[in-house]
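Colleague: What shape does this take:
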Amino acid sequence: MELAYIPSPSRGVIHLGPIPLRGYAFCIIIGVFVAVWLGNKRWVARGGRTGTVADIAVWAVPFGLVGGRLYHVITDYELYFSEGRDWVDAFKIWEGGLGIWGAIALGALGAWIGCRRRGIPLPAYADAVAPGIALAQAIGRWGNWFNQELYGRRTDLPWALEITSSTDGRVPGTYHPTFLYESLWCIGVALLVIWADRRFKLGHGRAFALYVAAYCTGRAWIEYMRVDDAHHILGVRLNVWTALIVFLLAVTYLVVSAKKRPGREEIVEPGAVEGADGEAKASDGEAEDDVKKDVEDSSGTEKKDDDARDEVEEEVSDGAESAKKS
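Modeller: Next up is the predicted model:
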């Protein structure tokens, strides 16, 4: 008998009248808001404008959701297109099923479109939002907890996850909470990227590459623990191979980029710099006008003092002449 375990929610959706409120969707939405909030703070600190991250996210987030769903449906097509399955379920994203690899790939395409429209370099934008994406993943993984999915092998550890559902082939019991492992790992990745970016002044996409490499490292061993059905290549789960390949690409980019383009971008959003220069010039102009006004006022005061002095001298002179005549 287990003395301690992580209970699963009895249901992953609450109905507010006819409106279903799904825990999975809430986790995704909260993750997006956190990513945009942190990305905006980092972007402004790099010299960008407030609101730019959110504007580009309008492109990146929808692309990312579509990409994540496509990757999941393609790699697990039998869940939707095999005998006895309804292909319409492939569009029910709220029931779970997003592949991070597809989300990052198409999300990057959406971000590139948004950056191009604003005249912003994509690598600089990616560096700013990298830790926020990791935190969004950490929050989003709790959606799997609501859906009682993507857990690991059986265990009786105190932090085991209790699965109570028996739908879709689930067997009730206690399992490794791989959703929790990945959530904690992603928080560590976000902290690592923030620290490394401050310490080494990462630029030209290297902070994003570090995030990708660090995430892939954790995803590989966490994926190895999972027991849900998956495609295998040479006896290894597909996502483990994907993590390995993406990790090598990220590390290669880090090394090559550091040699070719060392340092960090000085200007990440040209419009923001021009706007700041314009405000500075306007401020300088106002200061010059104030100085001129003070000088003119001072000159006017001195002139009045001279006139008053002349009047006094004239009166004294007149008084002396009158006394002499008397």
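Colleague: Would you map the strands across the stretch 51-200 of the chain?
Modeller: Secondary structure of the stretch 51-200 of the chain (DSSP state E, counting those that start in this stretch): strands at 161-163, 173-175.
Colleague: In CSV: those, plus mean neighbour count, distance to Gly132 and mean pLDDT.
Modeller: Backbone N, C-alpha and C define where each C-beta goes, glycine included. Listed next are those as CSV, based on neighbours: other CB atoms under 10 Å; distance: least, CB to CB, whole Å; pLDDT from 0 to 100:
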stretch, mean neighbour count, distance to Gly132, mean pLDDT
strand 161-163, 20, 27, 93
strand 173-175, 20, 30, 94
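Colleague: closest one to Arg42 among the ones you listed?
Modeller: Arg42 lies closest, by CB to CB, to one member of the strands of the stretch 51-200 of the chain: strand 161-163, at 33.3 Å.
Colleague: elements contacting the closest one?
Modeller: strand 173-175 (3 or more CB pairs under 8 Å, 6 or more residues apart in numbering; DSSP states H and E).
Colleague: any idea how far the strand it packs on is from the chain center?
Modeller: 34 Å (CA atoms, centre = their mean, to the nearest Å).
Colleague: Kindly report the same for stretch 198-206.
Modeller: When C-alpha coordinates are averaged (CA atoms, centre = their mean), stretch 198-206 and its chain have centres 16 Å apart.
Colleague: what's the first-to-last distance across that stretch?
Modeller: Distance between the two ends of stretch 198-206: 12 Å, counting by CA to CA, to the nearest Å.
Colleague: Contacts for it, please.
Modeller: 122-124, 126-127, 196, 210, 253-254, 257-258, 261, 263-265 (CB atoms under 8 Å, 6 or more residues apart in numbering).
Colleague: Of these, which belong to helices?
Modeller: If you go by DSSP state H, the contacts of stretch 198-206 have 122-124, 126-127, 196, 210, 253-254, 257-258 in helices.
Colleague: Ranking by neighbours, what's the top pick from the contacts of stretch 198-206?
Modeller: Among these, the one with the most neighbours (other CB atoms under 10 Å) is Asp127, at 29 neighbours.
Colleague: For the closest residue to Asp86 other than its chain neighbours, give me its contacts.
Modeller: Nearest residue to Asp86, sequence neighbours excluded (CB to CB, 6 or more residues apart in numbering): Tyr80, at 7.5 Å. Contact partners of Tyr80, counting by CB under 8 Å, 6+ apart, are 73, 86-87, 89-90.
Colleague: Drop anything exposed from those residues.
Modeller: Among those, those buried by neighbour count (16 or more other CB atoms under 10 Å) are 73, 90.
Colleague: Show me the two of the contacts of Tyr80 that sit farthest apart.
Modeller: Counting by CB to CB, the most remote pair of the contacts of Tyr80 is Val73 and Asp86, 12.9 Å apart.
Colleague: Can you show me the CA trace of stretch 23-31 as PDB?
Modeller: C-alpha atoms of stretch 23-31 as PDB (Å, rounded to 0.1, in the frame of the first residue of the first chain):
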ATOM      1  CA  GLY A  23      -7.300  22.200 -17.600                       C
ATOM      2  CA  TYR A  24      -5.100  21.300 -20.600                       C
ATOM      3  CA  ALA A  25      -6.100  24.400 -22.400                       C
ATOM      4  CA  PHE A  26      -5.700  26.600 -19.300                       C
ATOM      5  CA  CYS A  27      -2.100  25.400 -18.900                       C
ATOM      6  CA  ILE A  28      -1.300  26.200 -22.500                       C
ATOM      7  CA  ILE A  29      -2.800  29.700 -22.200                       C
ATOM      8  CA  ILE A  30      -1.100  30.500 -19.000                       C
ATOM      9  CA  GLY A  31       2.200  29.300 -20.400                       C
END
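Colleague: pLDDT on that stretch, on average?
Modeller: Here stretch 23-31 scores 92 as its mean pLDDT.
Colleague: ok, and what's touching that stretch?
Modeller: By CB under 8 Å, 6+ apart, the residues outside stretch 23-31 that reach it are 9, 12-13, 65, 94-96, 98, 135-147.
Colleague: how far out from the middle of the chain is that stretch?
Modeller: 15 Å.
Colleague: What are the buried residues along that stretch?
Modeller: By 16+ other CB under 10 Å, the buried positions in stretch 23-31 come out as 23-28, 30-31.
Colleague: now stretch 174-191
Modeller: Under 16+ other CB under 10 Å, the buried positions of stretch 174-191 are 174-183, 185-187, 189-190.
Colleague: just for the stretch 151-300 of the chain, where's the confidence low?
Modeller: By pLDDT under 70, the weakly predicted segments of the stretch 151-300 of the chain are 273-300.
Colleague: Where do the helices of it begin and end?
Modeller: Along the stretch 151-300 of the chain, the stretches classed as helices by DSSP state H, counting those that start in this stretch are 178-200, 206-225, 238-260, 270-325.
Colleague: Quick one: end-to-end distance for stretch 9-20.
Modeller: For stretch 9-20, the first-to-last residue distance is 16 Å (CA to CA).
Colleague: I appreciate the help and will end here.
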